[in-house]
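>>> Would you be able to build a 3D model of this:
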Amino acid sequence: MSARGLGKGLGALISIFEDEDTAPVRELHKVGVKSEPKATTPLASAEVKKIVEAGLVIQELQIDQIDNNINQPRKDFDPEQLQELADSIKANGIFQPILVTQAGKRFMIVAGERRWRAAKLAGLGTVPAVVKNYNARQISEIAIIENLQREDLNAIDLAQGIKRLMDEFFLTQEKVAVALGKNRSSIANLLRLLNLPQAVQQMIRSGTLSAGHAKVLAVITSSDKCLSLARRCVDEGLSVRQLEDLLKTGDTQKGSLSFGRSSPQARSLELKQLERDLTQSLGTKITIQGDTQRGRILVEYFSDDDLARIATRLKK
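Okay, here's the model as predicted:
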């Protein structure tokens with residue numbers, strides 16, 4: 001796992017409320033630092049400078065004096081990814097401090113619960129943390145923003161999170177853009193995806209359609225036409241460029257474009273035989289789209305058990 005600096009995210013989380021009335025920062029001494037095991041904290045000097053300029057300090061806080069935020073929007077943490085992060089922390093240390101607020105004699109996580117969990121899993125006694133006082137509204141807002149910075153978040157969930165942030169906390173697109181390290185036009189384009197038919201949104205959530213396809217489909221005002229084209233993209237394996245060409249030419253009839261260099265009818269006997277062999281081997285319908293140079297293989301499943309069975313076969 002590659003090491004990361006703080007990036008725009010934490011800096012924005014720390015500074016996004018600087019223009020509001022917040023309680024002063026409490027400068028804390030190290031709390032019960034344990035010596036074994038302990039990871040180094042090779043924080044990037046530029047990011048440390050940002051934190052210092054904000055009047056804050058990075059400190060080593062004892063892990064067992066930190067509590068998670070029960071209102072954290074993210075409830076599920078993938079065990080495998082958590083273990084990977086824990087292994088990275090053991091080897092390289094923590095590259096990004098967590099953000100906490102003081103709650104009595106203890107601390108509550110505002111941002112960075114995944115790193116805190118991984119540090120505990122790695123057996124660390126302390127974690128680097130930035131301590132700042134926030135009110136309940138700000139804590140909730142920052143927790144949502146951090147959740148939206150996840151790399152594994154699909155475009156629809158990201159758009160819904162942004163809309164929730166704007167609706168509940170009256171944030172502008174500009175302020176959300178700063179917090180997420182994006183430009184305002186990107187935020188506007190994401191919000192447009194929420195106008196897509198629900199069936200199309202579900203295709204994007206499941207990964208059947210890409211965010212690139214979604215952006216092109218978002219310009220279509222007819223729900224029926226949008227859904228029809230989305231299904232066609234899936235059935236024929238159309239690329240984003242091919243979808244754009246369809247809209248430019250106005251030729252949206254099924255079969256007017258093919259994937260790759262050859263049409264399905266012109267596929268080689270070799271590909272057809274391979275399709276039959278894979279269908280028999282995996283015990284489900286397999287469709288090969290494209291040619292021998294470029295294309296995709298579609299694997300169909302019809303239940304949770306069927307998906308688990310096919311996944312097991314593919315892993316082997």
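
>>> pretty sure residue 290 is touching residue 236, no?
No - judged on Cβ atoms under 8 Å, residue 290 makes no contact with residue 236 at a distance of 10.2 Å. Every C-beta, even on glycine, is put in place using the N, C-alpha and C of the backbone.

>>> Could I get the full set of strands for the stretch 151-300 of the chain?
Assigned by DSSP state E, counting those that start in this stretch, the stretch 151-300 of the chain shows strands spanning 286-290, 295-299.

>>> Quick one: residues in contact with whatever helix or strand comes next after the last one.
Sequence order places helix 304-315 as the next helix or strand after strand 295-299, per DSSP states H and E. When contacts are taken as Cβ atoms under 8 Å, 6 or more residues apart in numbering, the neighbours of helix 304-315 outside the stretch itself are 281, 282, 283, 284, 299, 301.

>>> Which among the residues you listed count as buried?
When neighbours are counted using 16 or more other Cβ atoms under 10 Å, these contain these buried positions: 282, 284, 299.

>>> Give me the distance between the first one and residue 312.
Counting by Cβ to Cβ, to the nearest Å, the gap from residue 282 to residue 312 is 11 Å.

>>> Just to check, residue 300 is in contact with residue 284?
Yes - using Cβ under 8 Å, residue 300 is in contact with residue 284, at 5.5 Å.

>>> before we move on, the earlier item: overlap in contacts, residue 282 and residue 312.
Going by Cβ under 8 Å, 6+ apart, no residue sits against residue 282 while also sitting against residue 312.

>>> which residue lies farthest from the center of the protein?
residue 269 (40.9 Å; Cα atoms, centre = their mean).

>>> hey, where'd the helices end up in the stretch 151-300 of the chain?
Using DSSP state H, counting those that start in this stretch, the helices of the stretch 151-300 of the chain run over 155-169, 173-180, 184-192, 198-206, 211-217, 223-236, 240-249, 269-282.

>>> Distance to residue 244 added to the strands of the stretch 151-300 of the chain, as TSV?
Compiled in TSV, those are given as follows (distance: least, Cβ to Cβ, whole Å):
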stretch	distance to residue 244
strand 286-290	19
strand 295-299	18
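
>>> Tell me which of those sits most buried.
strand 286-290 (a mean of 18; mean count of other Cβ atoms under 10 Å).

>>> pLDDT below threshold where in the chain?
For the chain, applying pLDDT under 70 flags the ranges 1-55, 71-76, 151-152, 250-267.

>>> Can I take it that residue 61 is in a helix?
No - in this structure, residue 61 is strand, not part of a helix, as judged by DSSP: H, G, I helix; E, B strand; the rest coil.

>>> Can you get me a residue count around the closest residue to it other than its chain neighbours?
Leaving aside its sequence neighbours, residue 61 sits nearest to residue 129 (Cβ to Cβ, 6 or more residues apart in numbering; 4.6 Å). Using other Cβ atoms under 10 Å as the criterion, residue 129 is surrounded by 26 other residues.

>>> who does residue 129 bridge with?
Note on residue 129: beta-bridge partners residue 59, residue 98, judged by DSSP bridges.

>>> Quick check: it vs residue 86, distance?
For residue 129, the distance to residue 86 equals 18 Å [Cβ to Cβ].

>>> Is residue 139 in contact with residue 99, as I believe?
No - the pair residue 139 and residue 99 fails to qualify as a contact (Cβ under 8 Å) at a distance of 9.7 Å.

>>> got any residues that touch both of those two?
What both residue 139 and residue 99 touch, as defined by Cβ under 8 Å, 6+ apart, is the set residue 110.

>>> follow-up on the earlier one: so what's the residue nearest to residue 61 up against?
By Cβ under 8 Å, 6+ apart, residue 129 lies in contact with 58, 59, 60, 61, 66, 97, 98, 99, 100, 107, 112.

>>> Let me have those residues in TSV, adding neighbour count and distance to residue 308 as columns.
Written out in TSV, the entries for the contacts of residue 129 read as follows (neighbours: other Cβ atoms under 10 Å; distance: Cβ to Cβ, whole Å):
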residue	neighbour count	distance to residue 308
58	16	44
59	19	45
60	19	43
61	25	41
66	23	37
97	26	39
98	23	35
99	22	38
100	28	39
107	20	41
112	24	33
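
>>> Identify the residue nearest residue 274 in space, chain neighbours excluded?
The spatially closest residue to residue 274, leaving aside those adjacent along the chain, is residue 288, at 6.6 Å (Cβ to Cβ, 6+ apart).
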